[in-house]
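Enquirer: Sharing a model that was predicted from the sequence below.
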There are 2 protein chains.
Amino acid sequence: MNYKEESVLIESDISHELDTLFKPKSIAIIGASSKELSIGNVIIKNLVHYGYTGKIYPINPKEPSIRDIKAYQTIFDVPDDIDLAHIIIPSKFVPQIIEDCGKKGIKSVIINSAGFNEMGEEGIALQTAFLNKAKEYGIRVFGPNCQGIINTDPDYKAYCDFTFTFPEPGAISIVALSGGVGAFIMQSLFDLEIGMRYYASNGNACDISISEVLNYYGNDEATKAIILYTEGFHDPGEFMKVAKVVARKKPILAMKSGRTAEGAKAAASHTGSLAGVDIATELIFEKTGILSFTNEEEMCQAAKAFSTQPIPKGNRVGIITNTGGPAVIATDELVHAGMQIPALSEKAIQTLQQTLLPEASIGNPVDVVATGGGIHFRSALDVMMNEEQIDSVFINFVTAPFTDTNEVARSIVEVNQQHKKPIVCNFMTNLSLERFQETAKILKDGGVPCYSFPTTAAKALGALYRYHLVQNRHIGEPKHFNDIDKVKADSILNNVKSTGEFLSSEQVYTLLSAYGIPIADWRLAHSMADVVKAAKEIGYPVVVKVESKSLVHKSDLGGVAINLKNDNEVLYAVEKMKEDFIEEDLRFLVQKFLPGGKELVIGVSAQKDLEPLVMFGMGGIYIEVLKDVVFKLSPVTRVEANEMLSSIKAAKLLDGARGEAALDKHSVIEMILRISQLVNDFPQIKEMDLNPVMAFEDGAFAVDARIKI
Amino acid sequence: MNYKEESVLIESDISHELDTLFKPKSIAIIGASSKELSIGNVIIKNLVHYGYTGKIYPINPKEPSIRDIKAYQTIFDVPDDIDLAHIIIPSKFVPQIIEDCGKKGIKSVIINSAGFNEMGEEGIALQTAFLNKAKEYGIRVFGPNCQGIINTDPDYKAYCDFTFTFPEPGAISIVALSGGVGAFIMQSLFDLEIGMRYYASNGNACDISISEVLNYYGNDEATKAIILYTEGFHDPGEFMKVAKVVARKKPILAMKSGRTAEGAKAAASHTGSLAGVDIATELIFEKTGILSFTNEEEMCQAAKAFSTQPIPKGNRVGIITNTGGPAVIATDELVHAGMQIPALSEKAIQTLQQTLLPEASIGNPVDVVATGGGIHFRSALDVMMNEEQIDSVFINFVTAPFTDTNEVARSIVEVNQQHKKPIVCNFMTNLSLERFQETAKILKDGGVPCYSFPTTAAKALGALYRYHLVQNRHIGEPKHFNDIDKVKADSILNNVKSTGEFLSSEQVYTLLSAYGIPIADWRLAHSMADVVKAAKEIGYPVVVKVESKSLVHKSDLGGVAINLKNDNEVLYAVEKMKEDFIEEDLRFLVQKFLPGGKELVIGVSAQKDLEPLVMFGMGGIYIEVLKDVVFKLSPVTRVEANEMLSSIKAAKLLDGARGEAALDKHSVIEMILRISQLVNDFPQIKEMDLNPVMAFEDGAFAVDARIKI
């Protein structure tokens, strides 16, 4: 974990601390080697090859020069200041070298060497040792066991990495936990001719974290969008804090792998097992506004659009094509991505009738036909740009041999540069032919994102639209209820001795009541007479349950009797239970029976290093057979609670489908918010299951609940 | 539609009829032009450029030669036989030219010219005229208004098309309705370095149909897999007949666009509206064993694997990687595609412990690490090939600068060529570096399908596995019930006068009974006394319904009384109905009331040019709110009916979830099969809705039903 206070991380002044890492004016390579293909040689080769603008100081005790660059025996022999040091020496020497770096005044180091936390006890001790030295001297550490960073800025051209892709400068910055994936994403951007700004892959991440790098990218004006790859988070809380701020400023395209891993421990409770496979990351992405991808190619293709195009103001797309079929395919995918293809205005149609070829098909999509030239594309583009009901433009451009395709490309580029609506172009051509290479170059130099498949282009436009949704989704702050009794809740939970224990019904109901969560009226009774008295007070019909900590599935064992309508029925039921449950000090929970409502379930499961998950669904078969549940990361805001109710598949039932009355959604939402506050106030709660909550036209009440510490 | 008998289409001798189209020894270009970029010029240019091995005869009344090839004034001036003629002259001259072609003995023509059926009445007349001539002379017509065909076979190199992509010979054949999409798919194969065998895009398809081309490809030994793109079917029945046969022989990868089109007419009935968006194509694909794609890039990438790799014998994948992250990503996608990553055998682990580098990670995935060389990859590959519990191999190969990547590539190629298990390779490299170009070439020449993204490679392997499933899915033949009364059914349906009419309840129940479909016992009664008598006969409790053709939603209007337990309740209910429904000759349907079952729905909706769709789902909210229904194309086989029951989301409820008894699935399946037979015997049935069918532990009964003619 990084040793800086995370709370100050998002301040921009602290952000400059990574400048010596990303913008070094001089770099020492400690462990420089004359051996071809060794990392201590490749890094120097890469720096030189990529045109690093600063000074390179190979450090090697024996060689006078490496790759024709003067080498020094130690860093103390270097006559100048050093911003950044690569450390490529055996791990056991690293603590000493870090101390030397401190004495030399070096502010950042990249430790490429392995042999630390990933290698057991000895390695852990070494990592602790060098980190202590780093703290002492105020050195920021990138790595160890990592690739490094790349800054493509022509002012720096700092290729501090041993990979083999040499990207063009651009607007996309990459941060990746896995160097293997990071490198191939960088390569993919290169193959797709998407420029890159920064690259960082930080291996063991002992100090400088992904969050800190993300924050640095967020404050970098030249970074238009960020690609993030991870397989998990060291400190999800810190990450969320940063991501939330950065995602407002610029799109973060992210992918987390290990989606299907069966690694998630099977949690005992209902809620836990439904959460099962890693859904927390998706919820982190959703809550912070990160665009989640499950396909790295789609992510890279989307980055292409983000690197040059503005974000659309809405979901309405104008399609311009010069061949029919691909427009049909694009329409399918755009609609699938939640976008619309609205009709054109009368005025637009009239204009196109005058400007396009007679065989053109006028509408949306507008088909300028394969014989259409630059002026026809231009006219269609102008119309789309001027149409109020169009937010973005999708172009299908096949390079018909009988057309001046360069002129078409120039028209597209002109409009792309003059207008604020995003354009993506499915460009169908044969790039092995020189004339079409020229057309492609015009489009690329003009900042038009081009794709080879209509679906791919449509997905990229869909990603721009997703960021529009992120920008316009304001979940608000979680409501803080004041009508709660936190002291009482605290005393109940303090009374529970050991973790792993379930609370008694009395504790559960008292705790929930303390947080203002409505519960079907209840009493705890010892004697037969007390039970009847309680039933009378509550009013018939009632439910009677055996109160026993050891029995979780009471109802299966005859420990629950429902819909008892009078004293006799209560007496009969209690007598039966006394026979079945021979326990000392047997107690009974008497509760109001609430028939006729809809069964809901609200659950909570704690997460390691993360706020608890809150679950909502409809009870019975909806949850058990259809798995129709939705999760949010707490603290849940009112907007999110609303989303929970509307995003289950059976959502319509809450509104009263099939002639039934609508449920009191407001009360259900209040209950979710209060539960969210409760579990955030008391992180010792590991699981909570309100099952069922009975919801009515007016009001909603927890009827049965379990809480585990 | 083609004028040949479709039933003989799949015979292989008729298949040779397309030989003059795909394997012409001589081609006349009628309408050859000296004007650069005109179609009559481009086609000659393409034939020459591509190295056509036959003779080219430009036909032009004025020019002595075109593109330096001797031209002839008419086809009659050509001294030799002509196999194939391109026709590129104005539509009005086409009928005459077809006659000339007939007289000259030409067997196939490609009509590139437009101006026929797509252009209104005059065009239709011209198309009819030339088709009549073609029939008279036995000429097969490709087009009109089309691109043409390409045969890449070095013996022919027939580029009879005006497009601009010049593919390498290969094993994938393309047939596309839309020339625009066909051309870019061909270009995509070219870009992905996938060889192509045949290409065909037949425009108006007045004679030679997509089905016929598909059949031709099916009989072509050099075609390993077929790519099909369509926006709809002229004759789905013919298509299915052919596709079913061809899909058994080789994989057909298909995409139909227009998935989201709101074109499907809003059908009045429940079933129809749920069918809504074009699901029929998906069902055609499913029934015939075509691999359906919704993303053309995925389809092309899959074609790459099909072009060189065998089909796996199961879903168990061995993963070999030399970098961690991409293997995680691949695992996610493979599991998502229904595949498994089984553990290795003890023996395999022991072998790998001896052969791999000490830092290698042994298991599945096996990580030979980036420093691993050819022998390490080879050892891992041999192990995977020898493991019984592995059906296919996924390779992640990053070209680390310090490795002899060519040696690794050669190891992969050797194993690829020696073994029968399919291999796909996610090859992460920088192809702008010469040394890695060489590595790529070794892999490509060795027939190893390489991809740039792990997810893309995994999806391609997933497609191979999908074809394994197709090969192993035998739906069987539809059961033909003999215990039915077809004559009675026929007489009932003949009594229904007009289409669009609903059958009366009496007609509905009699018809269903005639086909052995169990119905809750029923009587039709006129008088009050009759109703009571009927109720007694049936046995209480009963349901009484007003019998009225004009009332479809009887129950909303008080026309249905359920659970009547005795004479008095019946009398009361009937009296009430008589007050509410003042109709002459009011009649009542008395029916056994069957409480306690599960509500199911079985529906049917007729399709234009296609067998009816059969729908199955659970009634009530399952169908209305959750849209949890499944469709099959009739005739439904027992295997398919079984699939219907098991593929609804709530399938577990049929098996008796939550302590309930399992339903009598056998009876439900029988009912589906009988209904399928009924609607196939009587295509005049437009809609049928058995809603609800009440299913019990023993037996299932239609309780209410509507049938529309």
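Expert: Perfect, I can see it now.
Enquirer: Number of residues surrounding the closest residue to chain B within the stretch 501-650 of chain A?
Expert: At 4.8 Å from chain B, residue A:625 is the closest residue in the stretch 501-650 of chain A, using Cβ to the nearest Cβ. For the C-beta atoms, the positions are set from N, CA and C on the backbone; glycine is no exception. When neighbours are counted by other Cβ atoms under 10 Å in any protein chain shown, residue A:625 registers 16.
Enquirer: That one contacts residue B:648, doesn't it?
Expert: No. Contact criterion Cβ atoms under 8 Å: residue A:625 and residue B:648 do not qualify, at 10.5 Å.
Enquirer: Per-residue pLDDT of the residue of the stretch 451-600 of chain A found nearest chain B, please?
Expert: Residue nearest to chain B within the stretch 451-600 of chain A (Cβ to the nearest Cβ): residue A:453, separated by 4.3 Å. We have a pLDDT of 95 for residue A:453.
Enquirer: Secondary structure element for the nearest residue to it once chain neighbours are set aside, which one?
Expert: Using Cβ to Cβ, 6 or more residues apart in numbering or on different chains and skipping the chain neighbours, the partner closest in space to residue A:453 is residue B:297 (4.3 Å). Taking DSSP states H and E as the criterion, residue B:297 maps to helix B:296-308.
Enquirer: residues in contact with residue A:448?
Expert: Taking Cβ atoms under 8 Å, 6 or more residues apart in numbering or on different chains, we find residue A:448 in contact with A:308, A:409, A:412, A:413, A:416, A:423, A:425.
Enquirer: Tell me the secondary structure at it.
Expert: Secondary structure, DSSP: H, G, I helix; E, B strand; the rest coil: residue A:448 is coil.
Enquirer: Just the mean pLDDT for stretch A:67-84, thanks.
Expert: Mean predicted lDDT for stretch A:67-84 stands at 97.
Enquirer: So for that stretch, first residue to last residue, what's the gap.
Expert: 19 Å (Cα to Cα, to the nearest Å).
Enquirer: can you pull the buried residues of that stretch?
Expert: Buried residues in stretch A:67-84, counted by 16 or more other Cβ atoms under 10 Å in any protein chain shown: A:67, A:71, A:72, A:75, A:78, A:82, A:83, A:84.
Enquirer: which residue sits farthest out from the middle of chain A?
Expert: Here chain A reaches farthest from its C-alpha mean at residue A:568, the gap being 57.6 Å by Cα atoms, centre = their mean.
Enquirer: Could you confirm residue A:206 falls within a helix?
Expert: No. Secondary structure of residue A:206 (three-state DSSP): coil, not part of a helix.
Enquirer: Distance check, the closest residue to residue A:288 other than its chain neighbours against residue A:364.
Expert: Nearest non-adjacent residue to residue A:288, counting by Cβ to Cβ, 6+ apart: residue A:243, 3.9 Å away. Counting by Cβ to Cβ, to the nearest Å, the gap from residue A:243 to residue A:364 is 37 Å.
Enquirer: Tell me which of the two has more neighbours.
Expert: Using other Cβ under 10 Å, the more surrounded residue of residue A:243 and residue A:364 is residue A:243, with 27 against 23.
Enquirer: who touches the helix or strand where the residue nearest to residue A:288 lies?
Expert: Here residue A:243 sits within helix A:236-249, counting by DSSP H and E. The contact list for helix A:236-249, computed with Cβ under 8 Å, 6+ apart, reads A:6, A:9-10, A:209-212, A:214-215, A:217-218, A:226, A:233, A:252, A:280, A:284, A:287-290, A:470-471, A:609-611.
Enquirer: now, which of these lie within helices?
Expert: For those, the ones inside helices are A:210-212, A:214-215, A:217-218, A:280, A:284, A:287-288, A:470-471, with DSSP state H as the criterion.
Enquirer: which intervals of chain A have sub-threshold pLDDT?
Expert: Across chain A, the ranges flagged by pLDDT under 70 are A:1-15, A:259-278, A:548-557.
Enquirer: any idea how it splits into domains?
Expert: A:6-303, A:310-471 (automatic domain parsing).
Enquirer: hey, where'd the strands end up in the stretch 551-700 of chain A?
Expert: Counting by DSSP state E, counting those that start in this stretch, the stretch 551-700 of chain A has these strands, from start to end: A:560-564, A:587-592, A:598-607, A:610-618, A:629-633, A:687-695, A:700-702.
Enquirer: likewise the stretch 251-400 of chain A?
Expert: Assigned by DSSP E, counting those that start in this stretch, the strands in the stretch 251-400 of chain A fall at A:252-256, A:291-293, A:317-321, A:366-367, A:392-398.
Enquirer: would you turn these into CSV with mean neighbour count?
Expert: Listed next are the strands of the stretch 251-400 of chain A as CSV, based on neighbours: other Cβ atoms under 10 Å in any protein chain shown:
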stretch, mean neighbour count
strand A:252-256, 25
strand A:291-293, 21
strand A:317-321, 27
strand A:366-367, 25
strand A:392-398, 27
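Enquirer: Any idea which of those strands gets closest to chain B?
Expert: For the strands of the stretch 251-400 of chain A, proximity to chain B was assessed by Cβ to the nearest Cβ; strand A:392-398 is nearest, at 6.2 Å.
Enquirer: For that closest one, name the packing helices and strands.
Expert: Helices and strands touching strand A:392-398, as assessed by 3 or more Cβ pairs under 8 Å, 6 or more residues apart in numbering or on different chains; DSSP states H and E, comprise strand A:317-321, helix A:324-336, helix A:374-386, helix A:405-418, strand A:423-428, helix A:454-471, helix B:179-191.
Enquirer: quick one, what contacts the residue sitting nearest the centre point of chain A?
Expert: Centroid-nearest residue in chain A: residue A:285, 1.9 Å away (criterion: Cα atoms, centre = their mean). Residue A:285 sits next to A:254, A:256, A:291, A:292 when contact means Cβ under 8 Å, 6+ apart.
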